[in-house]
Each structure stands twice: as C-alpha cells, then as structure tokens.
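Engineer: Structure of the sequence below:
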Amino acid sequence: MKQRKLNYCFYNPNSAEDTAEFLCKLLIEANAGKVERAIEEAASKCAEESEYIAEPEKMEVMKETVSIRRRRAR
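Structural biologist: Below you'll find the model as predicted:
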C-alpha cells in the first residue's frame, strides 16, 4: 500500500514579532519549574561546598506571573 505524504499549512494572522514574543513567553512559562529546580540544586551544591549557608528568613522571595494573550484575527 502506497503511503500518502501529509502536508500541513498553518495560517498565522499575527506579525512575526508578535508570534516570536508569544512563543518566547510560552517557553519561559513552560520551563519556569525546570529553571527554578536547577537554581535550587546549584544553590544547595554551593552551600554544601562553602561555609556560608543562607538563612531562609533573610532571603527575599520574588514571584512574577506571566500572562499570555493571543491576538484574534480581524
């Protein structure tokens, strides 16, 4: 049986800049957990290797949420 070649075509009404910005924000949001874990692992490894250990009450916690919106086709 002959296999049929599939062709996909996507229509994107947004500009290249808007699309790039959307994808960048999407990837940042998707990988935020991995980045946070990597930072925590590096910090704990550094703390094990040195004498200085940060105390939790002195640490400053910053959280920033990212919202992603799409432009609708006109």
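Engineer: shaky segments in the chain?
Structural biologist: Residue ranges of the chain with pLDDT under 70: 51-62, 66-74.
Engineer: gap between the residue nearest the centre of it and Ala20?
Structural biologist: By C-alpha atoms, centre = their mean, the chain has its centre lying nearest to Ile28, at 1.7 Å. Here Ile28 is placed at a distance of 12 Å from Ala20 (C-beta to C-beta, to the nearest Å). Placement of C-beta: from N, CA and C, glycine included.
Engineer: try Ala42
Structural biologist: Distance, Ala42 to Ala20, using C-beta to C-beta: 29 Å.
Engineer: centre of the chain versus stretch 36-50, how much separation?
Structural biologist: Relative to the centre of its chain, stretch 36-50 is centred 20 Å away, using C-alpha atoms, centre = their mean, to the nearest Å.
Engineer: now swap in stretch 28-47 and tell me
Structural biologist: Relative to its chain's centre, stretch 28-47 lies at 12 Å (C-alpha atoms, centre = their mean).
Engineer: How about stretch 11-26?
Structural biologist: The chain centre lies 15 Å from the centre of stretch 11-26; the measure is C-alpha atoms, centre = their mean.
Engineer: any chance you could map the strands in the protein?
Structural biologist: Per DSSP state E, the chain carries no strands over any range.
Engineer: now the helices for it?
Structural biologist: Ranges of helices in the chain, per DSSP state H, are 16-49.
Engineer: separation between the residue nearest to the centre of the chain and Lys34?
Structural biologist: 11 Å.
Engineer: Also Cys46?
Structural biologist: Counting by C-beta to C-beta, the gap from Cys46 to Lys34 is 19 Å.
Engineer: quick one, which of those two is more surrounded?
Structural biologist: Neighbour tally, Cys46 and Lys34, criterion other C-beta atoms under 10 Å: the higher count belongs to Cys46, 12 against 9.
Engineer: Distance-wise, check the more buried one relative to Ala38.
Structural biologist: Relative to Ala38, Cys46 is positioned 12 Å away (C-beta to C-beta).
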